[in-house]
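Novice: Fold the following and give me the result.
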Amino acid sequence: MADFFLIGLSHVSAPVEIRERFANLCVSGLPGADGESLEAVTVLTCNRVEAYFFGEEDQALAVFSAWLAREGRSFGEIEPHVYRHRGDEAVRHLLKVVAGLDSMVLGENQILHQVKDSYQAAAGAGSVGKCLHALFQRALEVGKRVRSETRISENTVSIASAAVEMARSIFGPLDGCRALVIGAGEMASLVARSLRDRGVGGLLFTNRTRGRAEEMARTFGGQAAPLEDLDRLLREADVLISSTGAPRPIIDRTRLAAVMADRPDRPLFAIDIAVPRDLAPDCGDLDNVFLYDIDDLQNVADEGLSRRRQEAALATAIVEQEVARFQETLESFAMAPLVVALRERAEALRRAELEKAFPPGRPLDPHLLAEIDRLTRSLMAKWLHHPTVALKARATAPAGELASLAALFGLDRPAPPPLASPTSSSANVSVPISGPPSVPSSAPSPEPSSGPPTASSFAHSGAPSSCPPSPATAQCPVPSDGGGGSPFPQPFPPSPSSSSSVPSSATPAQSPDAFSAGNPPVPSSSSRSPSSSSSVPSSATPAQSPDAFSAGDPPVPSSSSRSPSSSSSVPFPATPAQSPDAFSAGDPPVPSSFSHSPSDTTSLPPRLASRLRAVDTRASPPKGKTNP
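Specialist: Have a look, this model is predicted:
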């Protein structure tokens, strides 16, 4: 099973003779780590050689051995000194490394930058995938958090750092001071590096061998001088660092007193880190001479180390918290495919329904189509928000529960493909809808196909046509835009008993005498026989049929009763939103002044009046019979 795996060695497990043989290995990437089947990052410093993997352990060991062989090394050389960590232990080890808890100098800062460089090099080589990306990004965050929330890096713990910190305690900032370094050994180099890093004003180097002094000057950016000029150099220096291998002191009290007489107002900070000592112990009794030996520096370093160890307990607690948090992050990876599948299925269904509702073939306003797409996308996102949050909260659910959740949302079967776009010879206005492309439709039936739908481009045109046109509207033209009425035709079949005469300006959006669902019973005072005919001016538009009864019409009072042959004369202009004689929900009672007789057609146009009289004649019931 794929998991995190670490193999490596450090100053804790291997002597310097082994570590130095692996100091210059290539860190650009491991052969065989492609970032998918196997992820890998190598961390190389002067005190450690470590390789972090995510994948199968056997494959990781083979890749690590091949990498050593490519670099001219053998795994057998280091096998007795290597350590291996798996899973959470590998994660915990990396977090301790970046926090400075596993360094030779507790809490040192350099390791954080070294790990960052190693991670970036491996990512550039393509050997880092999703899991190691998450691990190393979290590790770098932990390293910064430890140093910001604790003081683990603030106290001096090395001899060289202690020497520089003591000099700063006397002089303050060192940018106006000159330091003299006597000797060219390892300790002298460490102190010179610390002085340079703290911004000392100038460095002077002298040594028994002139060439070594010049090499130090080139390395750290200073001036070299022969040892014979020691007295002159002492007069110029503010800080003295001495670390030679001389068997006896090279500076006694008499010599130093003569030098200090030439600089009575300038103090000299002298650090003797040589064993045996380079300065006679009684030099410290001179005025303006501050002399410290290696024991003094060790005491400072030990005190700083003690304080860092106290902070290390806080840093360790932070590491444990972050290990637990990272485990939760890994568990959420298992839920991610389910969340992605849920959103992809919802998007596929949304697009399929859009293609079904708005098939190509009829022109449609592009702006309206874009608004519909935006609306459906917004509704889908709002609906998916709570299920997505709930799924992420169940990231630790067992596999069986994940399968149940997938079945609950229908993710265990493929989503229906979008419908096929019928070919049309008419001019279409193709309007691409923003967002991920959809799948081309292939059939009018939403039968599932094998496998989930894939995304492709989506374009629509034409008028909506979710219902078949009624006989009254089948032969009528449909406007491409609003045109004063609704762009969505709503065909209804005409009432079999209605014979209302409708002027030619009325369009098939509504049958003339249709009764909407939910109309209350019409009281007897307003009963209408099949012969009733309404006189409607030609300004009525297709938004409402002239004589339609809307849902929730109140009973019509007796004052507005209409005889079977009545024809109404409307004295006010009709608007497109309402036909002049339609009864909407909540209409007030019609005043009696609007009652009229069949002969009251003088105010209508002659052609319309004659048609209404003809309808009255055909629709009047035989004498002696009454309307039901």
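
Novice: which residue sits closest to I251, ignoring its sequence neighbours?
Specialist: If the residues on either side of it in the chain are set aside, I251 comes closest to L279, at 4.9 Å by Cβ to Cβ, 6 or more residues apart in numbering. Heads up, the C-betas are built off the backbone N, CA and C, glycines and all.

Novice: Pretty sure the one you found sits against R248.
Specialist: No: at 11.1 Å, L279 and R248 do not qualify as touching, with contact defined as Cβ atoms under 8 Å.

Novice: Between those two, which has more neighbouring residues?
Specialist: Taking neighbours as other Cβ atoms under 10 Å, L279 and R248 compare with L279 leading, 25 against 9.

Novice: Model confidence at the more buried one, what's the number?
Specialist: L279 carries a pLDDT score of 94 in this model.

Novice: Next, the contact list for it, please.
Specialist: Listed by Cβ atoms under 8 Å, 6 or more residues apart in numbering, the contact partners of L279 are S242, P249, I250, I251, L256, A270, D272, L291.

Novice: Show me where the chain has its strands.
Specialist: Defined through DSSP state E, the strands belonging to the chain, from first to last, are 3-10, 39-45, 48-55, 83-86, 178-182, 202-207, 223-226, 239-242, 268-272, 289-293, 431-432, 459-460.

Novice: Tabulate those in TSV, adding columns for mean neighbour count, distance to A192 and mean pLDDT.
Specialist: Putting the strands of the chain into TSV (neighbours: other Cβ atoms under 10 Å; distance: least, Cβ to Cβ, whole Å; pLDDT from 0 to 100) gives the following:
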stretch	mean neighbour count	distance to A192	mean pLDDT
strand 3-10	22	27	94
strand 39-45	24	21	92
strand 48-55	25	25	94
strand 83-86	15	35	96
strand 178-182	24	5	94
strand 202-207	23	6	94
strand 223-226	17	12	94
strand 239-242	26	7	93
strand 268-272	25	12	92
strand 289-293	19	17	92
strand 431-432	16	68	38
strand 459-460	21	72	36
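
Novice: Out of those, which gets nearest to P359?
Specialist: Distance to P359, taken as Cβ to Cβ, is lowest for strand 459-460 among the strands of the chain, at 7.8 Å.

Novice: how far away is D365 from A122?
Specialist: Between D365 and A122 the computed distance is 54 Å (Cβ to Cβ, to the nearest Å).

Novice: Which residues are in contact with the nearest residue in space to G8 that is not next to it in sequence?
Specialist: Of all residues not flanking G8 in the chain, E50 sits nearest, at 3.1 Å (Cβ to Cβ, 6+ apart). When the contact criterion is Cβ under 8 Å, 6+ apart, the partners of E50 are L6, I7, G8, L9, S10, T42, V43, L44, V97.

Novice: rerun that using 7 Å as the cut-off
Specialist: Taking Cβ atoms under 7 Å, 6 or more residues apart in numbering as the definition of contact, the neighbours of E50 are L6, G8, V43.

Novice: Domain-wise, how is the protein divided?
Specialist: Domain segmentation of the chain under automatic domain parsing yields 3-149, 159-301, 364-419.

Novice: Would you reformat those domains as TSV and include distance to F358?
Specialist: Conversion of these to TSV gives the following (distance: least, Cβ to Cβ, whole Å):
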stretch	distance to F358
domain 3-149	39
domain 159-301	69
domain 364-419	6
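
Novice: Lowest average pLDDT across those domains?
Specialist: Ranked on mean pLDDT, the bottom entry among these is domain 364-419, at a mean of 78.

Novice: Residues in contact with stretch 124-131: which ones?
Specialist: Residues outside stretch 124-131 that contact it (Cβ under 7 Å, 6+ apart): S28, G29, L30, A33, D34, G35, E36, E39, A40, V41, F54, A122.

Novice: one more time with 10 Å
Specialist: With contacts defined as Cβ atoms under 10 Å, 6 or more residues apart in numbering, stretch 124-131 is touched by 2-4, 26-42, 52-55, 63, 119-123, 135-136, 329-330, 333, 336.

Novice: Which among the residues you listed count as buried?
Specialist: In terms of neighbour count (16 or more other Cβ atoms under 10 Å), the buried residues within the contacts of stretch 124-131 are 3-4, 27, 29-30, 32-33, 35, 38-42, 52-55, 63, 119, 121-123, 135-136, 330.
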